[in-house]
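K.L.:
Sequence plus the predicted model coming up.
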Amino acid sequence: MSTFDPDALECLAAIVEEGGFERAAQRLCITQSAVSQRLRSLEAQVGTVLIVRSRPLHPTPAGQLLLKHTRQLRLLRADMERDLQELAPGNAGGTREEERIAIAINADSIATWALPALDALARQGLPLEIIADDQDFTQEWLREGKVLGCVTTLDSALRGCRLVPLGAMRYVAVAQAAYAAAQAPQGLAPHNFGNLAFVAFNRKDDMQTEFVAKAFGLKHVTLKQLFVPSSEGQVRAVRAGWGVSVLPELLVQGLMAQGELVNMAPGHALPIQLYWHCWNLESQVLDAMTSALTAAAAAALA
């Protein structure tokens, strides 16, 4: 089997992760021509094209395979750095900036329980890159080899990966107290939800329609929606009186206790089961990340 130049592999990863040759050169602190040369050398060794030079550019199937290999090498180097730090705390070299350990987590988990879970690892110097996406779509990052783990709602493990149940995040429908009093003093009901504005995360977000459909036993729901692509931003929009939003109870329970936000459907909550998926590799770093996330989820989620 051929041995690939680690610098060439990281060059390929930089081109894909940064979205172009110029930004890859800036990240690697080399010239753009050097980036092109490393890629051509790697393509010559593999015997096929690795990058489709389109807008946006994207890796070929062979390129995706080498990207996955590169990220596995990053994980092995992170394990080695961890071992060296334990054996010789003052002498272990730092991980290069470009060798980031990437995972995909849904925005609501980032806004509530996931960051505290990863706090110790980040303080130890693990070069984390957290990619935010809708919980129904984070697994695609893992499927494409762009991350080594993800938090998702999908309960089917990919080939070569392991799956760990995390627990259920409860979602409730909330609104600013003044907005609720003016627009729906009796709360959400089958006859009034169509007249209210709902604040959703983005167009992928079906949380609002799923909540209303299940609360009132409806098959088809059409809502007037505003889009704010941030969990904390959704909370700010609701506090400003933009409308109703279905949000994690963990994120809004303090504001409900203070009376600033009110539960628009007290008899209803939507539990969303979350799972941690990661590559099935022997790795201290991956095991530590899995343990940290599962422990924090057990404490925070239902």
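P.N.:
In hand now; what should we look at?
K.L.:
Any idea how many residues pack against the residue nearest to P6 when sequence neighbours are not counted?
P.N.:
Of all residues beyond its chain neighbours, the one nearest P6 is L73 (6.7 Å), with distances taken as C-beta to C-beta, 6 or more residues apart in numbering. (Each C-beta comes from the backbone N, C-alpha and C, glycine too.) Under the neighbour criterion other C-beta atoms under 10 Å, L73 is assigned a count of 16.
K.L.:
Surely L73 touches L12?
P.N.:
No. In this structure L73 lies outside contact range of L12 using C-beta atoms under 8 Å: 11.8 Å.
K.L.:
counting contacts, what elements does the helix or strand hosting the residue nearest to P6 pack onto?
P.N.:
Counting by DSSP states H and E, the element that carries L73 is helix 61-87. On a contact count with 3 or more C-beta pairs under 8 Å, 6 or more residues apart in numbering; DSSP states H and E, helix 61-87 meets helix 6-18, helix 32-46, strand 101-106, helix 284-300.
K.L.:
Give me the angle between that helix and helix 32-46.
P.N.:
With axes from the mean of the first three to the mean of the last three C-alpha atoms, to 10 degrees applied, the angle from helix 61-87 to helix 32-46 works out at 110 degrees.
K.L.:
Mind listing what's buried along helix 61-87?
P.N.:
Of the residues in helix 61-87, those buried by neighbour count under the rule 16 or more other C-beta atoms under 10 Å are 63-64, 66-68, 70-71, 73-75, 77-79, 81-82, 85.
K.L.:
Kindly report the same for stretch 22-42.
P.N.:
Neighbour-count burial for stretch 22-42 flags 24-25, 27-28, 30, 34-35, 38-39, 42 (criterion: 16+ other C-beta under 10 Å).
K.L.:
Identify the bridge partners of I101.
P.N.:
Note on I101: beta-bridge partners L128, judged by DSSP bridges.
K.L.:
That one touches V285, doesn't it?
P.N.:
Yes. In this structure, I101 sits in contact with V285. The criterion is C-beta under 8 Å, and the distance is 6.7 Å.
K.L.:
Now list whatever residues contact both of these two.
P.N.:
Residues touching both I101 and V285 by C-beta atoms under 8 Å, 6 or more residues apart in numbering: 75, 78, 126.
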